[in-house]
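Colleague: after the sequence you'll find the predicted model.
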Number of protein chains: 2
Amino acid sequence: MYRPQNLRIPGPTVVPQAVLAASARPMINHRGPEFAALLAALTRALQDFLRTQGDVLTLTASGSGAMEAAIANTLSRGDKVLVFINGAFGERFYAICKAYGVEARRIDVTLGRAVEPDLVRDELAKEKGRDGAKAVLIQHNETSTGVLNPLKEISEVVRDSGKLFIVDSVSGAGAAELEIDEWGIDVCMTASQKAWGAPPGVSIVTMSERAWKFYEKSDLPKSYFDLAAAKAALEKGSTPATPAVSVYIALQEALRLMAEEGLEAILRRHLNLARATRRGLQALNLPLFADEAHASPAVTAFRPPTRVDARNLIRVLRDDYDTIVAGGQGKLDGQLVRVGHLGFVTLQDILNFFSALELALRDFNQPIEPGQAIAAALRAYAESAPQPTRSGARGGARPDTVGSRR
Amino acid sequence: MYRPQNLRIPGPTVVPQAVLAASARPMINHRGPEFAALLAALTRALQDFLRTQGDVLTLTASGSGAMEAAIANTLSRGDKVLVFINGAFGERFYAICKAYGVEARRIDVTLGRAVEPDLVRDELAKEKGRDGAKAVLIQHNETSTGVLNPLKEISEVVRDSGKLFIVDSVSGAGAAELEIDEWGIDVCMTASQKAWGAPPGVSIVTMSERAWKFYEKSDLPKSYFDLAAAKAALEKGSTPATPAVSVYIALQEALRLMAEEGLEAILRRHLNLARATRRGLQALNLPLFADEAHASPAVTAFRPPTRVDARNLIRVLRDDYDTIVAGGQGKLDGQLVRVGHLGFVTLQDILNFFSALELALRDFNQPIEPGQAIAAALRAYAESAPQPTRSGARGGARPDTVGSRR
């Protein structure tokens, strides 16, 4: 039966038709000139989008593999580090440190709140001197709670401390402002299936010059995730092990679509659609989980109405309305609904989500007036989005231009 | 310009059109019921093909990642192991051991020769007692030289020793006979882009009950490659980190095609096409690199004619005849040409390869009579392959039935 889904989880995200088609091209030699050219072009495009002149290395692995690579390539057994945790992915950083024998001190922040620069400053003040922590690990966008940490302000504090700055921007990069070089981020990671709109399978790690100095001293075991090997291979147009060729091809096509839209327009589209999502949810009196001041442009978490179980709501949305959203992760399992609005997402996707949500809530006997969330979302969007003009439509400045290419 | 390639490297292999199309289906939720069903079915199919009732775990990584997982999940720092090396992938096992602080004793075998069971017996005799090696690591099919080690006979020797038996069958499984349970292989690995005919990005590791006992004692750091986490997630229909969804879907479709052909017919097809390849090369007086008694059913390595540079020959085959073969790896760089005949390969692919090779050699002023290799390959094939009959054609018993589905 033809039942297209509205895939509204915070990754894997919708893959546009052009990108799917690219991923299905006949297989090529991963050691030949075609792949070498692809890898070089893809690396340059990623440098542009990540705003870095430093090394951008790709791994055939998901974002968690890239998080592990960041740690294994820069730290040593017994090293002290600070891990700021405001969600499940902060926990993951902590768990990887533990697995590798890195002494991580965890600083927990209330879930749904951001890591504040002042907190980082206070904690770093305790870590001065030779016995202090060597590195700071933090999420840019905490996917599990829908919180965007104020990375620009935090980076100023970390830069003053001289610590190595490791940032998980797996779900942030390409959806939220990120200036890797300007903000002094030493190691940053993201993954193909998030804002980049390609299938999962390729993750991306950036390394600053300072990060390579840490690499030289790092004694943690690394082979598949050895970033120096990745860099050496990249310089020869290749990868140390067989890459996920079809995902690389897809990612290149996705980056081409993104370049047509332009980074600035992409970020604005994310902000506008995130705001429209929050206003729609508020019109349904659904409590937003994240602090509004630090609401993520990539994903919004909300609580279901009292007496409606989050898992049931998610199931009804899926089974009856073909709308796929995520639940809470870790400690928040069963408490939250998370709707993704990152990558190749359009206003129509958000309105379709609300049409499903309104109907599903009525199935749970909630007093919903059909259209009330849609109207609020549309209103918020109309207030924020630039009006499409004839010239805008031609110039590719319309925020939803990319969506129409699916 | 329309210039279809004859992809004849030993992986990534040709991906049939049906598999490419499957990989381009719209993205789905990696935490939803569709993916859970896919993962369960895929795992069962892999158990069938790998001839094991033990755990079959999948990783979003290439085969090298699976090799690392095998080591990191069963061994500890300072453990002694024996690594038999007859090519570049034996070297890789050795390098991973070294990176993890595992004390590997290397036993080098002349390149192009197989690891003989007697050698394994002699070396194991030196490893008795508490101070002896804990594990034996070996390749099933050494991709870099085109040698198939006599794994069945070796496994008998290793089983008698009681050591943990870790086998890299990345390019062997699905192309050569492999009986994981019957032969007592504790940890075995393969990868989606080899005989399985799917794009690269997913690797597969099997774990015996005994391997899990080693897991309990292993102190090597593991997080992304933690196989207990993979097993726990699999039991819930999921993976610890985001899987390469589109490659999983492709792999399932490839396994469906393989099941139609049947494992026995697949292995026979590989043997027949490998023999036809060797006979064709011999008809051109090109020296085969591997010992004929241990010639690989997956890949054949040969030396170019005297005064013809291997790299030049490979380049001419690629640029002028759209035929993509591999060169030598590691120490054999520049000395060999390797032609892959694993996965969804048909007699036509092999004959097309020879048509290109004959013409390319003539370009190098070699005294080649057009058709001489093709005739020899066809003759060898006719002698070995079962005659297609009307009933055979319907029953799917023809060795090249699968190829026609591309």
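Modeller: Happy to help now that I have it.

Colleague: in stretch A:218-227, which residues are buried?
Modeller: Under the neighbour-count criterion of 16 or more other C-beta atoms under 10 Å in any protein chain shown, stretch A:218-227 has A:218, A:220, A:221, A:222, A:223, A:224, A:225, A:226, A:227 buried. Where you see a C-beta, it was placed from the backbone N, CA and C, and this is true even at glycine.

Colleague: quick one: average confidence on it?
Modeller: For stretch A:218-227, mean pLDDT is 98.

Colleague: anything in it near chain B?
Modeller: Yes. Using C-beta under 8 Å from any C-beta of the partner chain, stretch A:218-227 reaches chain B at A:220, A:221, A:222, A:223, A:224, A:225, A:226.

Colleague: return the residues of the stretch 301-406 of chain A in contact with chain B.
Modeller: Proximity of the stretch 301-406 of chain A to chain B, by C-beta under 8 Å from any C-beta, involves residues A:318, A:324, A:326.

Colleague: can you rerun that using 7 Å?
Modeller: Counting by C-beta under 7 Å from any C-beta of the partner chain, the residues of the stretch 301-406 of chain A close to chain B are A:318, A:324.

Colleague: show me where the stretch 101-250 of chain A has its strands.
Modeller: All strands of the stretch 101-250 of chain A, identified by DSSP state E, counting those that start in this stretch, fall at A:103-108, A:135-139, A:141-142, A:147-148, A:164-168, A:187-191, A:202-207.

Colleague: give me the contacts around the third one.
Modeller: If you take C-beta atoms under 7 Å, 6 or more residues apart in numbering or on different chains as the criterion, strand A:141-142 is touched by A:86-87, A:89-90, A:148-149, A:169, A:171-172, A:175-176, A:296, A:298.

Colleague: same thing with the fifth one?
Modeller: In this structure, residues lying in contact with strand A:164-168 by C-beta under 7 Å, 6+ apart are A:67, A:70, A:74, A:89, A:93, A:134-140, A:151, A:155, A:158, A:184-189, A:210-211, A:214.

Colleague: what helix or strand is residue A:357 on?
Modeller: Of the helices and strands defined by DSSP states H and E, residue A:357 is found in helix A:347-363.

Colleague: helices and strands around the next helix or strand after that helix, which ones?
Modeller: Using DSSP H and E, the helix or strand that follows helix A:347-363 in sequence is helix A:372-384. If contacts are counted by 3 or more C-beta pairs under 7 Å, 6 or more residues apart in numbering or on different chains; DSSP states H and E, helix A:372-384 sits against helix A:263-283, helix A:347-363.

Colleague: now do the helices in chain A.
Modeller: Along chain A, the segments classed as helices by DSSP state H run A:17-23, A:33-50, A:63-72, A:88-99, A:117-125, A:151-161, A:209-217, A:227-235, A:245-261, A:263-283, A:310-321, A:347-363, A:372-384, A:390-395.

Colleague: which ones are touching residue A:21?
Modeller: Listed by C-beta under 7 Å, 6+ apart, the contact set of residue A:21 reads residue B:24.

Colleague: mind pulling up the pLDDT for it?
Modeller: pLDDT, residue A:21: 98.

Colleague: I figured residue A:76 hits residue A:219, correct?
Modeller: Yes. Counting by C-beta atoms under 7 Å, residue A:76 touches residue A:219, with 4.4 Å between them.

Colleague: report the buried residues of stretch A:170-183.
Modeller: Across stretch A:170-183, burial judged by 16+ other C-beta under 10 Å covers A:170, A:171, A:172, A:173, A:174, A:175, A:176, A:177, A:178, A:180, A:183.

Colleague: include distance to chain B and pLDDT when you put those into a markdown table, please.
Modeller: Compiled in a markdown table, these are given as follows (distance: C-beta to the nearest C-beta, whole Å; pLDDT from 0 to 100):
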| residue | distance to chain B | pLDDT |
| --- | --- | --- |
| A:170 | 9 | 98 |
| A:171 | 11 | 98 |
| A:172 | 15 | 98 |
| A:173 | 15 | 98 |
| A:174 | 16 | 98 |
| A:175 | 16 | 98 |
| A:176 | 19 | 98 |
| A:177 | 24 | 98 |
| A:178 | 20 | 98 |
| A:180 | 22 | 98 |
| A:183 | 26 | 98 |
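
Colleague: want to throw the helices and strands packed on helix A:372-384 into a markdown table with mean neighbour count and mean pLDDT?
Modeller: Converted to a markdown table, these look like this (neighbours: other C-beta atoms under 10 Å in any protein chain shown; pLDDT from 0 to 100):
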| stretch | mean neighbour count | mean pLDDT |
| --- | --- | --- |
| helix A:263-283 | 22 | 98 |
| helix A:347-363 | 20 | 98 |
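
Colleague: relative to residue B:97, which of these is closest?
Modeller: Closest to residue B:97 of the helices and strands packed on helix A:372-384, according to C-beta to C-beta: helix A:263-283, at 43.9 Å.

Colleague: in the stretch 201-350 of chain A, where is pLDDT below threshold?
Modeller: Judged by pLDDT under 70, the stretch 201-350 of chain A has no weakly predicted residues.

Colleague: I'd say residue A:59 and residue A:203 touch.
Modeller: Yes. Using C-beta under 7 Å, residue A:59 makes contact with residue A:203 at a distance of 5.0 Å.

Colleague: quick one: common contacting residues for the two?
Modeller: Going by C-beta under 7 Å, 6+ apart, residues that sit against residue A:59 and also against residue A:203 are A:65, A:66.

Colleague: now residue A:246: how far from residue B:245?
Modeller: Distance, residue A:246 to residue B:245, by C-beta to C-beta, to the nearest Å: 12 Å.

Colleague: those two: which is more packed in?
Modeller: More crowded of residue A:246 and residue B:245, by other C-beta atoms under 10 Å in any protein chain shown: residue A:246, with 33 against 28.
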